[in-house]
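1. This is a predicted model, with the sequence first.
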There are 4 protein chains.
Amino acid sequence: MDLGMTSKVRPLVEKVRAMVETEIAPLNEEFEAEVGRHPSGDRFKHTERQLEILNGLKDEAKKRGLWNFWLTDSDRGYGLTTVEYAYLAEEMGKVGIAAEVFNCSAPDTGNMEVLERYGSEAHKERWLTRLLEGEIRSAYLMTEPNVASSDATQISLRATRDGDGYVLNGEKWWASGAGDPRCAVYIVMACTDPEAPKHARHSMFVVPADTPGIEVLRPMEVFGSDDAPHGHMHIRMTNVKVPAEDLILGEGRGFEVAQGRLGPGRIHHCMRAIGQAEKALEMLCRRATTRTAFGKKLAELGANYDIIANARMEIEMARLLCLKAAYMMDTEGVRAAQPWISQIKVVAPLTALKVVDEAMQMHGGGGISQDYPLARMWTHIRTLRLADGPDAVHRRQVARAELRKYVNEKV
Amino acid sequence: MDLGMTSKVRPLVEKVRAMVETEIAPLNEEFEAEVGRHPSGDRFKHTERQLEILNGLKDEAKKRGLWNFWLTDSDRGYGLTTVEYAYLAEEMGKVGIAAEVFNCSAPDTGNMEVLERYGSEAHKERWLTRLLEGEIRSAYLMTEPNVASSDATQISLRATRDGDGYVLNGEKWWASGAGDPRCAVYIVMACTDPEAPKHARHSMFVVPADTPGIEVLRPMEVFGSDDAPHGHMHIRMTNVKVPAEDLILGEGRGFEVAQGRLGPGRIHHCMRAIGQAEKALEMLCRRATTRTAFGKKLAELGANYDIIANARMEIEMARLLCLKAAYMMDTEGVRAAQPWISQIKVVAPLTALKVVDEAMQMHGGGGISQDYPLARMWTHIRTLRLADGPDAVHRRQVARAELRKYVNEKV
Amino acid sequence: MDLGMTSKVRPLVEKVRAMVETEIAPLNEEFEAEVGRHPSGDRFKHTERQLEILNGLKDEAKKRGLWNFWLTDSDRGYGLTTVEYAYLAEEMGKVGIAAEVFNCSAPDTGNMEVLERYGSEAHKERWLTRLLEGEIRSAYLMTEPNVASSDATQISLRATRDGDGYVLNGEKWWASGAGDPRCAVYIVMACTDPEAPKHARHSMFVVPADTPGIEVLRPMEVFGSDDAPHGHMHIRMTNVKVPAEDLILGEGRGFEVAQGRLGPGRIHHCMRAIGQAEKALEMLCRRATTRTAFGKKLAELGANYDIIANARMEIEMARLLCLKAAYMMDTEGVRAAQPWISQIKVVAPLTALKVVDEAMQMHGGGGISQDYPLARMWTHIRTLRLADGPDAVHRRQVARAELRKYVNEKV
Amino acid sequence: MDLGMTSKVRPLVEKVRAMVETEIAPLNEEFEAEVGRHPSGDRFKHTERQLEILNGLKDEAKKRGLWNFWLTDSDRGYGLTTVEYAYLAEEMGKVGIAAEVFNCSAPDTGNMEVLERYGSEAHKERWLTRLLEGEIRSAYLMTEPNVASSDATQISLRATRDGDGYVLNGEKWWASGAGDPRCAVYIVMACTDPEAPKHARHSMFVVPADTPGIEVLRPMEVFGSDDAPHGHMHIRMTNVKVPAEDLILGEGRGFEVAQGRLGPGRIHHCMRAIGQAEKALEMLCRRATTRTAFGKKLAELGANYDIIANARMEIEMARLLCLKAAYMMDTEGVRAAQPWISQIKVVAPLTALKVVDEAMQMHGGGGISQDYPLARMWTHIRTLRLADGPDAVHRRQVARAELRKYVNEKV
């Protein structure tokens, strides 16, 4: 169980870290500052400067050969293992736009996995190639406002057969990235047969973002922030026509595709969350050793030593657990790795939230403000406790796997 | 130690609760939705509709005799005890603009306390009367970007003697309410003598908001939200002239005023935080009993019973502790009540944050979005862990008081 | 809601505190040291010195008029309220044998309540009078080894009708106090009709401890300690004959009696646990201000200020919650007070365990040894998380009460 | 960073696990039940049956080649790495006497390390050979009643030069294993020069247990249990003469020896604690799936799924952290591994305590009694939070290592 950095990935990690620190981090601040400054006043349009920053960095990343690392089991990429990728993702997690710069950002990676595995040749040509090149972006439309998505069998956006194709009606929300004007295609989960057995009711469709009948109702806000221009959009579909060839894999196989989509990609956000926790602990320590109160360095006041020690221990453990989940995926497959995947999905966001919270507290009023990236990190990580199912659901999975060791019947 | 609702305050509580629920809550949503819609595009201007809402509700409150409850030890108000006020403040905490509707909102209450106790007749006439009437608002300028405000003796905005008056130079931030165009006056802590003994270096000034040399640099954001039009402003003072008569109480007596300012008002935010926790628990329970997943009410899934029970117990205890702190202030005075004041300052925000966090989680994606007031409640309460000193500082106070029981020397 | 010390109880508290500190505490150590030193080698026999200590102290308490305070709603006692009693119980909790010295110890108080409320004249004459005098002791036989007692409807010790009386067969364990040679009578819950509706299956019996067929199998150990000579005994009943007149209240009314038994007495152990937490915090602070390491008082090292502050806040809140539960019992009755009773049953032991654990840690190796009362306090309090139902069951009660506010149907 | 089970250690793990489960576990219960049954009444003498059990099992272990695994960097043993040993230690942790059966128990392993590294030929011949054979046992006398041992520079047992040798005077306590009649030799830390620089004041001696002047004052109790016949003894030395050749390594080099002693052996107890946590979780799950209340399996009640999931996640993380610390020792040396060693010393006992506590709670009254090994496991693990320094001291080490990354000066 080698969880260390291989000699293959080590130079990549160093290159990525260097580029994140010296090229991306400074421009990231400028990128953020530009949000909402498009002459039209439309927050969901990039300014010219934003595009310049993004495209410049992406070109540079490509030039340096730092691109599409996430393709862990494909001959299109580096052929990295998930364990190797984890070390890269951690670095990319440290700065807001870094993952996109290396074409490793959600939800594109998951969507590309779907297209790679289950898409038709036409899908690959029309969408996958351009996604792999970073020319367009994509969104994944799963969760809905009217049902508890923790139980995905309740998903209700309806796709009804209509001649050669399907007609989609219903609403989706939290379509992350759908605010981005470059977002050209959606992967959409829809209910094709409400009377079918629970896990055969749903199907997955590839839907161009500009299909008539698609209406972006509003951006969902995360603690008051709309996350523009990426955005988490609330979308309504009214009689949206989708040709039959854009049904992926077959009717009723939506869950199968969803499982596939969420292969190694399931824990990319955990890897990045660990990077954010590391970044936050670094900020905390720097602050604690430079700021003074009551005549002492903050580090020496109150419980700060214990806070720092606990943060270090928890990050260390979360990283190891994440690497083990990655290792299990690499060696035993996603299905067998499921308990560890569920575990790290609970652990990584909670750990990162706690460390970032302490870092904010150590920064005083500044910590929760726009002056440091901590508040943004916190709200972003807070979404992860819901994004891919609430953590209660993952705990349930872990417990069931544990109890199955002792009982034959289903628990 | 009667911590219960007295027969005097009970009818007031009922009236306030009724007005909050039936009049204020519905308009609060409309008020929030109007933020940033001023024709000028200036987020820190109220729209006409916002002013209509606010003024209409304030007039109604006055008409019903529900006004200025917070004047606990004054003959201008109801003559309520702090314990009695706690029950009212809890109700007012449940809806965003409610405290202002009853003219009981921060930072005005604290500032009015200062003017009432230490202000000159001219101050009372020019500012206090209008504040008591709710005609203007005020801000309190204490914390600064460049020093750890947990140790307030480090405050560095400089007031230098200049002929008849003083000249102020420096920066303040987190001046809550200073974004509001109605905010007419600031109470400002400044350093008058950096060479004096630690607690005699600072003085307190009354400064009209429109004094030349005052520049609002920017709104501080709380987790990405600018809290417009109230705002937490970052302010620069450049050669701001203040006549000597606007120095309060005397040179070097800034800490004395600050202590006085933060009399009973010190825990008003705790009382309101408990109201928010109650509101959040109510929302959590309603959601848990109406939403389903896996064929069951959410209430019956996972650890939800335990989550609900823990929330109830923690709210119950926080409320009792808050009432005890209020009782100690009423009967023993603010100084003797200090350990309990520090205790509730730690406990109330942490308790409320935890309950609101669980309520958000129970609401899924909606919980952290603009669709429910929970995310806004959370970010607001999160500031309280810093607003009046970080909780580590309050814990330090509690521990010192405890240890003093056992040692004669200073710990 | 007066939760304070009344002028009636204050002098009693002072007298009890004084007697605990100056008379009982020193002899308590001697009492403990005598355990197991009976010439026969029988750990469940008091030595002469132990009886001398106990009886001497009890006589003194009687002489000072400090006796049977717990009789809160009876004209036999002081007529104290439960709130008043709470202040006395807290003091009594601080030293091991103190509660018995004032004839206020479990399980006698609960058993006396049963006899007082539901016992026949014969019961009162034969048992109650002597218990009230402190001449004999008693035990309560409820929990059983073979069923989860959290659900008491599963209790299975069988009482079958046999001519004029009943015959009891089965096992009970954790019969606290049944090791004491002075323990003369048991209150026993038995199943009289397994086919009856759930809450009508059980009946309560008064059974003399020397009835033939009763066999003490062994003392249950609490973390390796047998708690001799009090003891928590495992008892077997083989054809134990009980005359019909020793059935209390009537067949099938066992739960009714159990509810009555556990009136105010339900939270006596919580009151005492708070006293133990106070004692532990005092020990912790004394140690922290006298012992040194790394050239500093322990108090100034690491997170110790925070540990002390947290302990103080949690004790303060637990006490207030306990007093509120007592107040609700006094004013609204035990049934209406149920949610608060369940709350404090969760909170008091957990709070006390945490404080005692920190106090042990502050005492280093000594803390967990026989050199300080802390380890004994910890193991004793740990039993409380199970003794009257596991805390999970109490949380369940609290959650159900909370949810009932929002739904009409049973949750 | 291979943290997995190697092909070399896997068959050993399987053999050890099998022997623990099928041979040792059943006899362990019998062994425990014999404690205190020696005809003399002396709890610190093994009964014949106890010796028969122990020696029988040890002979069997030797016969199967399962002996002295802990000699990780020596040619006397298997030449296992610390990572490999961790998997074996985990299995040995699951049953009380198992570690001794394989001659891998504390404090012998640490003492043998000292003798192996720093002992003279005479020491090796007289003591090490017999310890390696399991013929005798040993104790380590470090901690003292009168100073906070968290700061070991305070150790005060005095060794004064006297002619050819030294004379020792003072007290030690928590000399684990010194109760065992087979314990033949002590390693003793003593102060040879109180005026020397802090870390040069102490020296280490090899002292035969039967040296005149050594007096065992009493067994220290752990939560009321004397852990006989192993015992944690309180020892007084009065004019104990030690020849100069029994000074190890040289005067003033006591800390050097102590560091060496606590090489890989420093985390053996962590490895075993993880085994105990696993055992406890297994017991918890078995109970939860077989016991019923309110008509349901316990597993399905309350927060039990979450309790199980959290336990699984925390054990998983603690194990990985332990393996990483072992790996760092193997590859970078004990000094460089120090931060990870400190981390796991905090984490392993806390994790195990939590899991065992939940397992006890799931077992109801039985859980804290002699009927299950859980209570004994809990008290044993609780000592680990103090045994090798209180966890606060380890956290301090972790924090200092973390802060050193950011400051040049000493923190």
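-> Done, it's in. Numbers count the residues shown, from 1 in each chain, chains lettered A, B, ... in the order given.

2. what's the closest non-adjacent residue to the residue in the stretch 101-250 of chain A that chain C sits nearest to?
-> Closest to chain C within the stretch 101-250 of chain A is residue A:148: 17.5 Å, counting by C-beta to the nearest C-beta. Every C-beta, even on glycine, is put in place using the N, C-alpha and C of the backbone. The shortest distance from residue A:148 to any residue other than its chain neighbours is 4.2 Å, reached at residue B:293 (C-beta to C-beta, 6 or more residues apart in numbering or on different chains).

3. what's around that neighbour, how many residues?
-> Look at residue B:293: counted by other C-beta atoms under 10 Å in any protein chain shown, it has 22 neighbours.

4. What's opposite it in the beta bridge?
-> For residue B:293, the residues forming beta bridges with it (DSSP bridges) are residue B:296.

5. Next up, the contacts around it.
-> The contact partners of residue B:293, taken as C-beta atoms under 8 Å, 6 or more residues apart in numbering or on different chains, are A:148, A:150, A:151, A:154, B:301.

6. redo that, cut-off 7 Å
-> In this structure, residue B:293 makes contact with A:148, A:150, A:151, B:301, judged by C-beta atoms under 7 Å, 6 or more residues apart in numbering or on different chains.

7. Take those residues and write them to CSV, including neighbour count.
-> As requested, the contacts of residue B:293 are exported to CSV (neighbours: other C-beta atoms under 10 Å in any protein chain shown):
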residue, neighbour count
A:148, 21
A:150, 22
A:151, 18
B:301, 21
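
8. Out of those residues, which one has the weakest pLDDT?
-> Across the set of the contacts of residue B:293, residue A:150 stands lowest in pLDDT, at 78.

9. and the stretch 151-300 of chain A, which residues reach chain B?
-> Residues of the stretch 151-300 of chain A lying close to chain B by C-beta under 7 Å from any C-beta of the partner chain are A:151, A:173-174, A:220-225, A:291-294, A:298.

10. again, only using 6 Å
-> Taking C-beta under 6 Å from any C-beta of the partner chain as the criterion, the stretch 151-300 of chain A approaches chain B at residues A:151, A:174, A:220, A:221, A:222, A:223, A:224, A:225, A:291, A:293, A:294.

11. burial measure for the third one, as a count.
-> Applying other C-beta under 10 Å, we find 24 residues neighbouring residue A:220.

12. just the fifth one next, same as before
-> Residues within reach of residue A:222, counting by other C-beta under 10 Å, total 23.

13. who touches it in this structure?
-> A:379, A:383, B:368 (C-beta atoms under 6 Å, 6 or more residues apart in numbering or on different chains).

14. quick one: which of the residues you listed is most hemmed in?
-> Of the contacts of residue A:222, residue B:368 is surrounded by the most neighbours, 27 neighbours in total, counting by other C-beta under 10 Å.

15. Can you tell me the SS state at the nearest residue to it once chain neighbours are set aside?
-> Nearest residue to residue B:368, sequence neighbours excluded (C-beta to C-beta, 6+ apart): residue B:375, at 4.9 Å. Secondary structure for residue B:375, judged by DSSP: H, G, I helix; E, B strand; the rest coil, is helix.

16. how does chain A divide up, domain by domain?
-> Following the assignment in automatic domain parsing, chain A carries domains at A:10-105, A:137-252, A:263-404.

17. Packed most tightly, which of those domains would that be?
-> When neighbours are counted by mean count of other C-beta atoms under 10 Å in any protein chain shown, the highest per-stretch mean among the domains of chain A falls to domain A:263-404, a mean of 23.

18. Now do that one: distance to the chain's middle.
-> On the basis of C-alpha atoms, centre = their mean, to the nearest Å, domain A:263-404 sits 15 Å off its chain's mean C-alpha point.

19. just stretch A:136-145 next, same as before
-> Between the mean C-alpha point of stretch A:136-145 and the mean C-alpha point of its chain there is a distance of 12 Å (C-alpha atoms, centre = their mean).

20. ok, now stretch A:201-220?
-> Relative to the mean C-alpha coordinate of its chain, stretch A:201-220 is positioned 19 Å out (C-alpha atoms, centre = their mean).

21. ok, residues contacting that stretch?
-> With C-beta under 6 Å, 6+ apart as the contact definition, stretch A:201-220 has outside contacts at A:123, A:173-174, A:179, A:183-186, A:188-189, A:191-194, A:226, A:231-240, A:242, A:246-248, A:251, A:254, A:257, B:369.

22. Tell me which of those fall in helices.
-> Residues of the contacts of stretch A:201-220 located in helices (DSSP state H): A:123, A:254, A:257.

23. what number of residues lie near the last one?
-> Read that as residue A:257. Using other C-beta under 10 Å: residue A:257 sits among 23 other residues.

24. Okay, it and chain C: tell me how far apart.
-> Residue A:257 sits at a distance of 38 Å from chain C (criterion: C-beta to the nearest C-beta, to the nearest Å).

25. Residue A:268 is in what secondary structure piece?
-> Here residue A:268 is covered by helix A:268-290, with elements defined by DSSP states H and E.

26. and that helix, what does it pack onto?
-> Helix A:268-290 makes packing contacts with helix A:82-92, helix A:304-332, helix A:338-362, helix A:374-387 when contacts are defined by 3 or more C-beta pairs under 6 Å, 6 or more residues apart in numbering or on different chains; DSSP states H and E.

27. Run through the residues that contact the residue nearest the centre of chain A.
-> Centrality entry for chain A: nearest residue to the mean C-alpha point is residue A:106, 4.1 Å, by C-alpha atoms, centre = their mean. Contacts here follow C-beta under 6 Å, 6+ apart; on that basis residue A:106 touches nothing.

28. Sounds good, over and out.
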